[in-house]
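Enquirer: take a look and give me a structure for this.
(one chain, ligands or ions: 1)
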Amino acid sequence: MIIGVPKEIKNHEYRVGMVPASVRELVNHGHQVFVETDAGMGIGFTNEDYVAAGAEILPTAADVFAKAEMIVKVKEPQAVERAMLREDQILFTYLHLAPDLPQTEDLVKSGAVCIAYETVTDSRGGLPLLAPMSEVAGRMSIQAGAQALEKSNHGRGMLLGGVPGVEPAKVVVIGGGMVGRSAAQMAVGLGADVVVLDRNIDVLRALDAQFGNKVKAIYSTADALEKHVLEADLVIGGVLIPGAAAPKLVTAEHIKAMKPGSAIVDVAIDQGGCIATSKATTHADPTYIVDDVVHYCVANMPGAVPRTSTFALNNATLPFIINLANKGYKKALLDDANFLKGLNVIKGKVTYKEVAEAFNMEYVDPRTAVENA
Ligand SMILES: NC(=O)c1ccc[n+]([C@@H]2O[C@H](COP(=O)([O-])OP(=O)(O)OC[C@H]3O[C@@H](n4cnc5c(N)ncnc54)[C@H](O)[C@@H]3O)[C@@H](O)[C@H]2O)c1
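Expert: Below you'll find the predicted structure:
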């Protein structure tokens, strides 16, 4: 198969669909890879690195789209990219269609086979191509929170781990999933006093097994949440109710009653946030203050560490890319019900229920759509 990797064009997006090591794997499987010039420059990969891995460099995105049978990206295609899609093409990338009518309409119009990273599932009900970004954001949340606690950033002026003779900061993580576990791991590593709240007993058991007495894994009732949030120096918001807006578990009254100079990092902001006073911020201006509490609510945290994020994403996507290239999309999707969940649009049909419902479009069962394609 001919695979194309265009340079990402969304503002401040430095990640890339395939690193040279992934290109080499595809080439070793007998496929041809075309990469747009400087596609990996933002994270330190030169055109020569890609050529050494077996890719050919093309000067423009238009050249890549013209040649490729499958386009591998990171962010959802922008309008100019959507205009270049063809009906005999596969698009494999993050799409996030449900809130995006113009994109959905363009993908339907293109006739292309559009598979979204974020809706591929695994046998345990997880989202394996979203998980790496949650791991990055969870780890980053502690870095961001540590900075927010510094006096120059209007924080309490506390070091997370304390020093001998001085108590560490109390970190309260709401939600013990991929984000929460990753945050807990960093906070424990820095020597903080860590509490994780979750409503899933299996999640609490897993935390207990992983961290022992280094993390207090607590069942999340309104009572427990209030007690720990009011005692916290740093609160991390990492809850998710799949497909729904995040519940506002920390109220404006809680924020008022928190210690002056304490900080919150609401990682769940991309789902609306789980803290009543959260509003999305950017890396350029990541924090603001409400009632003396520093708020960090960056909606695309992994974008700050594009090199780590690209490797983490590639590790997760590579087996699927190889499968698509080796088997063709029909067999790759029909052989794997979890991968089939990634299919959002095919040959002008919407095959993801929530997307069809969001826009009052006709929903077609993905298996039927692939079989009839
Ligand atoms: N801001 C960013 O850049 C960024 C990056 C990655 C992920 N995220 C977001 O972070 C959030 C968490 O993602 P994840 O991968 O960890 O999800 P996950 O499904 O792995 O974990 C969510 C956890 O929240 C728990 N939960 C649900 N309701 C709860 C409640 N009332 N009290 C306590 N716990 C509750 C669930 O039991 C689950 O364990 C998502 O909204 C995700 O989109 C944001």
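Enquirer: near the ligand, which residues of this protein are found?
Expert: Residues of the chain found near the ligand (C-beta under 6 Å from any ligand atom) are 133-134, 137, 174-180, 197-200, 203, 220, 238-241, 246-247, 249, 267-271, 299-302. All C-beta spots, glycine's among them, are computed from the backbone N, C-alpha and C.
Enquirer: so what's Ile218 up against?
Expert: 195-197, 204, 224, 228 (C-beta atoms under 8 Å, 6 or more residues apart in numbering).
Enquirer: could you list the paired strands of the helix or strand harbouring it along with their orientation?
Expert: According to DSSP states H and E, Ile218 maps onto strand 215-219. Counting by DSSP bridges, the strands paired with strand 215-219 are strand 193-198 (parallel).
Enquirer: what does the partner strand contact?
Expert: 167-177, 180-181, 184, 187-188, 204, 207, 211, 214-220, 224-225, 228, 232.
Enquirer: can you give me phi and psi for the residue of the stretch 101-250 of the chain found nearest the ligand?
Expert: Residue of the stretch 101-250 of the chain nearest the ligand, by C-beta to the nearest ligand atom: Gly177 (1.7 Å). Per-residue torsions, Gly177: phi -80, psi -140 (degrees, to the nearest 10).
Enquirer: rewinding a little: out of the contacts of strand 193-198, list just those in helices.
Expert: 180-181, 184, 187-188, 204, 207, 211, 224-225, 228 (DSSP state H).
Enquirer: could you turn the buried ones of these into a PyMOL selection?
Expert: Here is the PyMOL command that selects the buried residues among the ones in helices among the contacts of strand 193-198 (16 or more other C-beta atoms under 10 Å):
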select buried, resi 180+181+184+187+188+204+207+211+225+228
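Enquirer: a markdown table for the ones in helices among the contacts of strand 193-198, including pLDDT?
Expert: Shown next, in a markdown table, are the ones in helices among the contacts of strand 193-198 (pLDDT from 0 to 100):
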| residue | pLDDT |
| --- | --- |
| Gly180 | 98 |
| Arg181 | 98 |
| Ala184 | 98 |
| Ala187 | 98 |
| Val188 | 98 |
| Leu204 | 98 |
| Leu207 | 98 |
| Phe211 | 97 |
| Ala224 | 98 |
| Leu225 | 98 |
| His228 | 98 |
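Enquirer: and the furthest pair within the contacts of Ile218?
Expert: Leu204 and His228 (13.9 Å; C-beta to C-beta).
Enquirer: now what about the helix or strand of the chain with the lowest mean pLDDT, what contacts it?
Expert: Ranking every helix and strand in the chain by mean pLDDT, DSSP states H and E puts helix 353-358 at the bottom, with a mean of 92. Identification of contacts with helix 353-358 by C-beta under 8 Å, 6+ apart yields 97-99, 104, 243, 344-345, 350, 361-363.
Enquirer: of those - the most surrounded one?
Expert: Val345 (31 neighbours; other C-beta atoms under 10 Å).
Enquirer: mind checking the SS state of that residue?
Expert: Following DSSP: H, G, I helix; E, B strand; the rest coil, Val345 is assigned to strand.
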